[in-house]
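Q: Here's my sequence, what's the structure:
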Amino acid sequence: ADPDLIPAIEANARVLLGPRYYGPPNFSIHNHGLMSNLQLVYAADVIGRPAWKQTALQRMASEGPQSFSDIGISWEQSSMYQEGNAILWGYAADVFSQAPGYEDESATMTALVDQALASYSWMTEPDGGIVQIGDSDEQPGRPAPASWTERVLRDDQAGWLIGRWSWSDPATNYYTVRYGPGRRAHGHHDRAGGVTWSTQGVRVLVGPGRFAYDSTSPYHAYQISPQSHNVAIPDGRTVSGSAYASITSSKVQGPAHAWNLGDTVYGIAHTRNVNINRDLNQMIVSDDFPAASLWRQSWHLDPDWQLTSGGADSTRLTFAHPSGRTLTITTTGRVSSVTLGQTRPPAGWHFPKFGLREWAPEIVIRSYGRANTTTFVLA
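A: Residues are numbered from 1 along each chain as shown. Sure, this is the predicted structure:
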């Protein structure tokens, strides 16, 4: 409340109350807008500007329910930002609880946060860390109670599919599939059925994480690109921002989950089948682009895996893990390359934390004009 600071505080508030506000009507709802409103509330209380607080409260009351899907997944398309948004809206719930006349909004926000945190538990792998989807670091997750019985979370609005067979067994199979709307906020180009997979206590197929937010960095371009994800890419085509990827059918059984997806993310029809078998510790992924003569599957293993046999032009690869586990990959296509730590252009990288990079096997499998099936088996 030093009077010398008030002009600067008022100048900043004018920005947050004007057309540069990072939220509706000029921008999409975003965590930066929420942070702006929280700061307006705190500043209003400190120097006595009730109109600022009222505007911020009304904005948060309107935007809170629009910030997540119906089952509580953030539109920011990132496992790490799922937690961040839940925490920030928790602060908003606290603000509403102390604002007379906003009892209903306080209850709504509290329920919203509980739902968002439950979804974050689904994004927590059996090893206790989060699955790295979108801009995300390796960080602790939020394990759910062992008493939970649901085995599949499916959100057709946000485009997240998560499956697991146990909430208490660290060796259980765990997988994710991305689909749904186009990339936004902290998302990556993984919506054409991008997968991750863990089993027997080890991570097998992983997302890249995040290295930078500098759009001029080749590693930023790599981290958000289809190439850095476990997807299929038709030759000579680029991603369509408006195309939607959908689950077309499914079969969920005790020992196995099977999902069929369809999209036109690259401007032509694409189908992907994902089958996960609990008892065989196996994932099978089949892709087909009927209108393409050449496409490539891109696969990314956790950095701990090391190639022990196979290579370019083969149909079988084996990898060893420090745990003693062995991964066998077979394909009806042909292996084009297995890359580690290439810099120009980037390939074969994993980003455990912001600004950090480590070598990780990147496998490219090519297919000519027919459906291609690749099978991953852990032993």
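Q: Val41 in helix, strand or coil?
A: Here Val41 is recorded as helix under DSSP: H, G, I helix; E, B strand; the rest coil.
Q: That one - how many residues pack around it?
A: As a burial measure, Val41 scores 23 neighbours (other CB atoms under 10 Å). Where C-beta positions appear, they are placed from N, C-alpha and C, glycine not excepted.
Q: my guess is it contacts Val95, does it?
A: Yes. Val41 is in contact with Val95 according to CB atoms under 8 Å; the separation is 5.4 Å.
Q: Need the residues touching each of these two.
A: Common contacts of Val41 and Val95, defined by CB atoms under 8 Å, 6 or more residues apart in numbering, comprise Leu57.
Q: Contact partners for the spatially closest residue to Asp263 that is not a sequence neighbour?
A: Once flanking residues are discounted, Asp263 sits nearest to Ala245: 3.6 Å by CB to CB, 6 or more residues apart in numbering. Taking CB under 8 Å, 6+ apart as the criterion, Ala245 is in contact with Gly159, Arg178, Tyr179, Gly180, Arg191, Ala192, Gly193, Leu261, Gly262, Asp263, Val265.
Q: For the residues you listed, which two are the farthest from each other?
A: Farthest-apart pair in the contacts of Ala245 is Arg178 and Gly262; separation 14.1 Å (CB to CB).
Q: So for these two, which sits in the more crowded spot?
A: Neighbour count, other CB under 10 Å: between Arg178 and Gly262, Arg178 has more, with 27 against 17.
Q: mind pulling up the phi and psi values for the more buried one?
A: The phi/psi pair for Arg178 (degrees, to the nearest 10) reads phi -100, psi 140.
Q: which residues touch the residue nearest the centre of the chain?
A: The residue lying closest to the centre of the chain (CA atoms, centre = their mean) is Ile133, at 2.7 Å. Contact analysis of Ile133 by CB under 8 Å, 6+ apart lists Gln77, Ser78, Ser79, Met123, Thr176, Arg178, His188, Asp190, Thr196, Gly207.
Q: Dump those residues into CSV; add pLDDT as well.
A: What follows is the contacts of Ile133, written out as CSV (pLDDT from 0 to 100):
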residue, pLDDT
Gln77, 97
Ser78, 98
Ser79, 98
Met123, 98
Thr176, 98
Arg178, 98
His188, 98
Asp190, 98
Thr196, 98
Gly207, 98
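Q: Which one of the residues you listed sits in the busiest neighbourhood?
A: Tallying neighbours with other CB under 10 Å puts Ser79 at the head of these, with 32 neighbours.
Q: Would you mind measuring from that one to Pro181?
A: Remark: distance between Ser79 and Pro181 (CB to CB, to the nearest Å) = 17 Å.
Q: repeat for Asn12
A: Distance of Asn12 to Pro181, computed by CB to CB: 33 Å.
Q: How about Trp305?
A: For Trp305, the distance to Pro181 (CB to CB) stands at 32 Å.
Q: Could you do His188 as well?
A: Distance, His188 to Pro181, by CB to CB: 13 Å.
Q: Tell me what the nearest residue to Ala379 once chain neighbours are set aside is bridged to.
A: Nearest non-adjacent residue to Ala379, counting by CB to CB, 6+ apart: Thr326, 4.9 Å away. Thr326 forms beta bridges with Ala320, as assigned by DSSP bridges.
Q: where does this protein have low pLDDT?
A: Applying pLDDT under 70 to the chain flags residues 1.
Q: Now do the helices in it.
A: Ranges of helices in the chain, per DSSP state H, are 6-17, 31-47, 50-63, 79-97, 103-122, 218-224.
Q: wait, what's in contact with the residue nearest to Val177 when sequence neighbours are not counted?
A: Of all residues not flanking Val177 in the chain, Leu161 sits nearest, at 4.1 Å (CB to CB, 6+ apart). Shown in contact with Leu161 (CB under 8 Å, 6+ apart): Val152, Leu153, Arg154, Asp155, Thr176, Val177, Arg178, Tyr179, Ile247, Trp259.
Q: ok so, going back, with respect to Pro143, which of the contacts of Ile133 is nearest?
A: Taking CB to CB as the measure, Met123 is the one of the contacts of Ile133 closest to Pro143, at 11.1 Å.
Q: Could you find the closest non-adjacent residue to that closest one?
A: Excluding the flanking residues, the one nearest Met123 by CB to CB, 6+ apart is Ser79, at 4.4 Å.
Q: ok, now which ones touch the one you found?
A: Applying CB under 8 Å, 6+ apart to Ser79 gives the contacts Tyr120, Met123, Ile130, Val131, Gln132, Ile133, Gly134, Ser136.
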